[in-house]
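Asks: below: sequence and its predicted model.
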Amino acid sequence: MYKNSLLPKPEYVPKISTECLIEYGDFYVIRWAEGEYNDLVDELGFARSTVFITTIPPDQKIIELPGLSVNLLCKESDEESTSYRAIGRAIPEWDRVEYVESGELESLYEKKDGHINFFIRISDIHQTEFDLRIVKQPDTIKNLKGREFIEKNEFDKEGKEISVIYTKGGGIFQFVHTPNLINYWHFELHCIIGDKTVKRSTKSKTDRSSLELALVNKFTWNTSAIRPEGLKILDPETCYKKAV
């Protein structure tokens, strides 16, 4: 039977403000992964980068940070929430009008155990910057608009020497509430570079190499398979319930 506490309710607000959660208390989101423990978790308990990388034949690596699906960890959405997975078609976002009928619900999910939960403290990632890696072009320095950077000579895949710019900051991570019909507590990670939200399917070399850099240098170090010591499961009612 599906976990009723995961479903949206008429008394819930359309979107939870991530800033409200941070002001309310110390909140985490959780992300599941399946596989051998040592393949997913390093010696210190942090996620390996392979948790967030999909390889498409023959050898294209997709960094899964843009749109990364996570659950808010709270009273109504505990660690068991990651056992309930949507199947089949993409589940529509909750529009405050449509609700799933109990008879339809059983065809929309499956319950699976045996996975690893990873914990990410929201305040460690939300609205924080990550550095960019940019292959230098004639107008690159001008477009940085005074942002601090370093320049290095490297070799590309063909063995050609290139000049690469590493900026201090320039990208921003955001956790955004994206409730759907069977999981009100669903959030996504947005990755913003410049004035655009990066898509997972981006073809931009700057986007892809910057996300790979952020994954290795920042995101994995804030993603742990070890349950945080002293973790308190809070109920942020003022953030998700409508004011009476």
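Replies: Received, thanks.

Asks: hey, let's count contacts and neighbours off CA atoms from now on
Replies: Fine.

Asks: biggest helix in this protein by residues?
Replies: helix 205-214 (DSSP state H).

Asks: just how off-centre is the helix or strand containing residue 124 within its chain?
Replies: In the assignment (DSSP states H and E), residue 124 maps to helix 122-125. Taking CA atoms, centre = their mean, to the nearest Å, the mean C-alpha location of helix 122-125 is offset from the chain mean by 11 Å.

Asks: and that helix, average pLDDT?
Replies: Mean pLDDT, helix 122-125: 98.

Asks: what is that helix packed up against?
Replies: When contacts are defined as 3 or more CA pairs under 8 Å, 6 or more residues apart in numbering; DSSP states H and E, helix 122-125 sits against strand 161-177.

Asks: quick check: mean pLDDT across the strand it packs on?
Replies: In this model, strand 161-177 has a mean pLDDT of 94.

Asks: and that strand, what's buried?
Replies: 164, 165, 166, 167, 170, 171, 172, 173, 174, 175, 176, 177 (16 or more other CA atoms under 10 Å).

Asks: contacts for the helix holding residue 124 next, please.
Replies: 22, 26, 27, 28, 29, 173, 174, 175, 219, 222 (CA atoms under 8 Å, 6 or more residues apart in numbering).

Asks: and it, what's buried?
Replies: 122, 123, 125.

Asks: again, but for stretch 206-226
Replies: By 16+ other CA under 10 Å, the buried positions in stretch 206-226 come out as 207-215, 218-225.

Asks: in this structure, which spans are strands?
Replies: Along the chain, the segments classed as strands by DSSP state E run 28-33, 53-56, 60-63, 68-73, 84-86, 109-111, 116-121, 129-135, 149-155, 161-177, 186-193, 196-197.
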